[in-house]
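S.K.: Got a predicted structure here, sequence first:
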Amino acid sequence: MTPDYIVPGAFVKLRDGSKARIYATDGPAPYHVHGAIRENGNWLHREWRGSQYTPESCHHRDIVGPWIEKPDASKLWPILPPWIEWLAMDEDGGWYGYQLEPELQKKSWGARLNTSFVYIPTLFAPAIAADWRQSLIRRPKS
């Protein structure tokens, strides 16, 4: 059975972390799902069969979930101290900046032992349309 996030017009995440666009889910057997992947700046046609979007699949271009855009923090990085390398939102909507990559916990991201973190005021917090567990972003390399 095709997961409900695989629908025409949707973007999905592939095992290798890349993004694919879905065109159709009613293709001829065995490749029911048709879409495209981005490679070298071009969209290339791709087809998937049922076994390529299950937890048991193992190919790097298999579908593993819906595509979730990362929040845009580009305006926030310049005003944060340079030691802050990571940003993440907790379940309650609060944003924090971390020195080291935080650990995902039950309802929040937690700073590792002996590392610093700061609260990000709501006025400066990035907007996110995804689950809080998908909010972790790393400072871009300059």
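M.R.: Now that the structure is in, tell me what you want to look at.
S.K.: low pLDDT regions in the protein?
M.R.: 52-57, 129 (pLDDT under 70).
S.K.: residues near R139, how many?
M.R.: 16 (other C-beta atoms under 10 Å). Quick note: C-beta positions are derived from backbone N, CA and C, even for glycine.
S.K.: hang on, it packs against E85?
M.R.: Yes - with contacts counted by C-beta atoms under 8 Å, R139 reaches E85, the gap being 5.0 Å.
S.K.: Domain ranges for this structure, per the record?
M.R.: 11-66, 77-138 (automatic domain parsing).
S.K.: in a strand, that's where R133 is, yeah?
M.R.: No - using DSSP: H, G, I helix; E, B strand; the rest coil, the assignment for R133 is helix, not a strand.
S.K.: List the residues that contact it.
M.R.: L104 (C-beta atoms under 8 Å, 6 or more residues apart in numbering).
S.K.: Now do it against P30, distance only.
M.R.: R133 is 33 Å from P30, where distance means C-beta to C-beta, to the nearest Å.
S.K.: ok, back up a step: closest one to Y5 among the domains of the chain?
M.R.: domain 11-66 (4.0 Å; C-beta to C-beta).
S.K.: Quick one: distance of the closest one to the chain centre.
M.R.: 16 Å (C-alpha atoms, centre = their mean, to the nearest Å).
S.K.: That one: end-to-end distance?
M.R.: In domain 11-66, first residue to last residue: 7 Å (C-alpha to C-alpha, to the nearest Å).
S.K.: is it true that S108 touches M89?
M.R.: No - counting by C-beta under 8 Å, S108 does not reach M89; the two are 9.0 Å apart.
S.K.: which one is E91 nearest to, not counting chain neighbours?
M.R.: Among residues not flanking E91 along the chain, K107 sits closest, at 4.3 Å (C-beta to C-beta, 6 or more residues apart in numbering).
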